[in-house]
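Colleague: just coords:
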């Protein structure tokens, strides 16, 4: 039997292919970044064709570097940036517009108008989600209303919608020559269009947003064979057997399968998920309800999620926009030059604030500046903002579940930053645990795919692969912890109410 699983990780800033062995260890990696396109303030786009070209390249490179043949690979898993919207023509395979990224806020006026009619939680009972630009529905509607001819083509059945998993799988399985148009329950649960109870598209919500049902992908389980990928020159096609949204994939890769188990991923943004088992739990503290995973025909598992928009992307902003670091890795060295933040606090509300605030009117703010503050203090404040925002959603989780976390399992690229991880433990007052494999997003997709084809027997076998790398114990006093977090909460209030309709128009974000 083939001993390897290929994971495709289509993320917000790059696309990666990672080959894993039966022990869940990384064998080989290939990665390519794609352009971040900012046509106006608050607008964030990607080129779907660039993403697809990069996907082809990383698959070929990873397999070649690992010196493997198609016969050595048992299955392919796909994980992806969630909520991002791609609409394309099924006849030609051409996107009708750039992808609208999950961070994009151009649809805020439409969202505000709908909230004014029925409240921000008018769809929460069905979808588990508040009305927000974050989710896919308003972005699909914007494309249909603003791209010439798009609505007519969609109603004629010519256009397809998908989050990046659907786009990648459709192309991998033949594209305009018979590609499979699917998504999984985790990605579907982030569109503001799926009923959490039926795990199907809501006809009522499709009608409200004026989105033709024919555009929508079939919703499948997270661990299930959905199609086959042809490899040039290979005697067999590879089964695509797992699809998970990136944060659910990271949870799966952390072996956090049961109710009460959690993880926090540090990537472009931060995302804390706490499993609730087969129960759909409604948050009273600003979290969202989402599907955690579904295996085959088993009942779906659900989770509460705290979604934070800007963490790792803030480090990129320091690099690309301010130029105070040369590489993202330099931020730890620069921040380590000072003992604290010098009294400066950085609230990175570049796209408003997500959980637990859900304040689209917020914008980024640096407060507490004095002549004493240097670029090293700014770098440290940027890192600390990640930990403070995580404290916000951890506290919300405790409020919803009534259960305090005794430890926090972490993953993602930023967890390699020891300074950040120590401060995270300090500001939470609990141990922070980093696993040996921090690329748990790709690992989770690999696990889902391998589980579907028998590489791994069950969840217990997957759990046995998890290994701790390092444990960060809190060392900050309770008084200092209370003072620093109190200052953070004060800083957050300074970022609120910044954008009103006049300001949005001035910045070119009003949209239509």
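Modeller: Sure, I can see it. Quantities reported herein were computed from a predicted structural model and do not represent experimental measurements.
Colleague: so where's the stretch 101-250 of the chain shaky on pLDDT?
Modeller: Flagging of the stretch 101-250 of the chain using pLDDT under 70 yields the residue ranges 232-235.
Colleague: tell me how far the ends of stretch 63-76 are from each other?
Modeller: 12 Å (Cα to Cα, to the nearest Å).
Colleague: Kindly report the same for stretch 62-73.
Modeller: 12 Å.
Colleague: Okay, buried residues for that stretch please.
Modeller: For stretch 62-73, a neighbour-count test (16 or more other Cβ atoms under 10 Å) marks 62, 63, 66, 68, 70, 73 as buried. In this view, the C-beta of every residue, glycine as well, is placed from N, C-alpha and C.
Colleague: ok, residues contacting that stretch?
Modeller: Stretch 62-73 has contacts (Cβ atoms under 8 Å, 6 or more residues apart in numbering) with 2-6, 17-19, 27-30, 231, 234-236, 238.
Colleague: Inside strands: which ones of these?
Modeller: Using DSSP state E, the subset of these located in strands is 4, 5, 6, 17, 18, 19, 27, 28, 29, 30, 238.
Colleague: Check those and tell me the two furthest apart.
Modeller: 29 and 238 (18.1 Å; Cβ to Cβ).
Colleague: who has more neighbours, those two?
Modeller: Taking neighbours as other Cβ atoms under 10 Å, residue 29 and residue 238 compare with residue 238 leading, 25 against 18.
Colleague: ok, now which ones touch the more buried one?
Modeller: With contact taken as Cβ under 8 Å, 6+ apart, residue 238 is in contact with 6, 70, 73, 75, 76, 228, 229, 231.
Colleague: Check residue 400 too.
Modeller: With Cβ under 8 Å, 6+ apart, residue 400 has these contacts: 281, 283, 284, 285, 287, 304.
Colleague: How confident is the prediction for residue 441, by pLDDT?
Modeller: Residue 441 is assigned 90 on the pLDDT scale.
Colleague: May I ask you to name the longest helix in this protein?
Modeller: What stands out as the longest helix in the chain, according to DSSP state H, is helix 375-401.
Colleague: Let me know the average pLDDT across the helix or strand following it.
Modeller: Tracing the chain C-terminally past helix 375-401 and defining elements by DSSP states H and E, one meets strand 408-411 next. Strand 408-411 shows a mean pLDDT of 90.
Colleague: go on, stretch 296-313?
Modeller: pLDDT averaged over stretch 296-313 gives 91.
Colleague: Then stretch 416-433?
Modeller: Across stretch 416-433, pLDDT averages out at 94.
Colleague: mind listing what's buried in that stretch?
Modeller: If you call a residue buried by 16+ other Cβ under 10 Å, then stretch 416-433 has these buried ones: 417, 419-430, 432-433.
Colleague: ok, these vs residue 47, which is closest?
Modeller: Nearest to residue 47 among the buried residues of stretch 416-433 is residue 417, at 29.8 Å by Cβ to Cβ.
Colleague: Contacts only, for the closest one.
Modeller: Contacts of residue 417 by Cβ under 8 Å, 6+ apart are 331, 332, 383.
Colleague: hmm, which of these are the buried ones?
Modeller: 331, 332, 383.
Colleague: now these in a markdown table, with distance to residue 124?
Modeller: Formatted as a markdown table, those follow (distance: Cβ to Cβ, whole Å):
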| residue | distance to residue 124 |
| --- | --- |
| 331 | 37 |
| 332 | 39 |
| 383 | 33 |
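Colleague: What ranges does the stretch 201-350 of the chain have for its helices?
Modeller: With DSSP state H, counting those that start in this stretch as the criterion, the stretch 201-350 of the chain has helices at 203-209, 246-253, 312-317, 330-335.
Colleague: From those, pick the one with the highest average neighbour count.
Modeller: Highest mean neighbour count among the helices of the stretch 201-350 of the chain (mean count of other Cβ atoms under 10 Å): helix 246-253, with a mean of 32.
Colleague: which other residues reach that helix?
Modeller: Helix 246-253 has contacts (Cβ under 8 Å, 6+ apart) with 9, 11, 79-82, 186, 222, 244, 262-263, 265, 267, 271, 273, 275, 290-293, 303, 305, 307, 411-412, 437, 439-448.
Colleague: and with 6 Å instead?
Modeller: Contact with helix 246-253 is made by 79, 186, 263, 265, 271, 273, 292-293, 411, 440-441, 443-445, 447, as judged by Cβ atoms under 6 Å, 6 or more residues apart in numbering.
Colleague: circling back to that earlier point, go through the contacts of residue 238 and name the one nearest residue 146.
Modeller: For the contacts of residue 238, the nearest to residue 146 is residue 229 (33.5 Å; Cβ to Cβ).
Colleague: So in terms of bridging, what pairs with the closest one?
Modeller: Beta bridges link residue 229 to residue 238, judged by DSSP bridges.
Colleague: right, and it touches residue 172 too?
Modeller: Yes - counting by Cβ atoms under 6 Å, residue 172 is a contact partner of residue 229 at 4.5 Å.
Colleague: Secondary structure class of the closest residue in space to residue 6 that isn't next to it in sequence, three-state.
Modeller: The shortest distance from residue 6 to any residue other than its chain neighbours is 4.8 Å, reached at residue 76 (Cβ to Cβ, 6 or more residues apart in numbering). Here residue 76 is strand, with the state taken from DSSP: H, G, I helix; E, B strand; the rest coil.
Colleague: which ones are touching residue 76?
Modeller: 6, 229, 238, 240, 449.
Colleague: what do you get for residue 130?
Modeller: Listed by Cβ under 6 Å, 6+ apart, the contact set of residue 130 reads 120, 121, 358.
Colleague: Run a quick neighbour tally on the residue lying closest to it once chain neighbours are set aside.
Modeller: Excluding the flanking residues, the one nearest residue 130 by Cβ to Cβ, 6+ apart is residue 120, at 5.0 Å. The number of residues packed near residue 120 is 16, by other Cβ under 10 Å.
Colleague: what's the closest non-adjacent residue to residue 263?
Modeller: Nearest residue to residue 263 in three dimensions, chain neighbours excluded: residue 254, at 4.2 Å (Cβ to Cβ, 6+ apart).
Colleague: Would you check that that neighbour makes contact with residue 410?
Modeller: No - counting by Cβ under 6 Å, residue 254 stays clear of residue 410, with 8.8 Å between them.
Colleague: quick one: terminal-to-terminal distance for stretch 393-409?
Modeller: Taking Cα to Cα as the measure, stretch 393-409 stretches 14 Å from start to finish.
Colleague: how near is residue 35 to residue 173?
Modeller: 26 Å (Cβ to Cβ, to the nearest Å).
Colleague: Sweet, I'm off.
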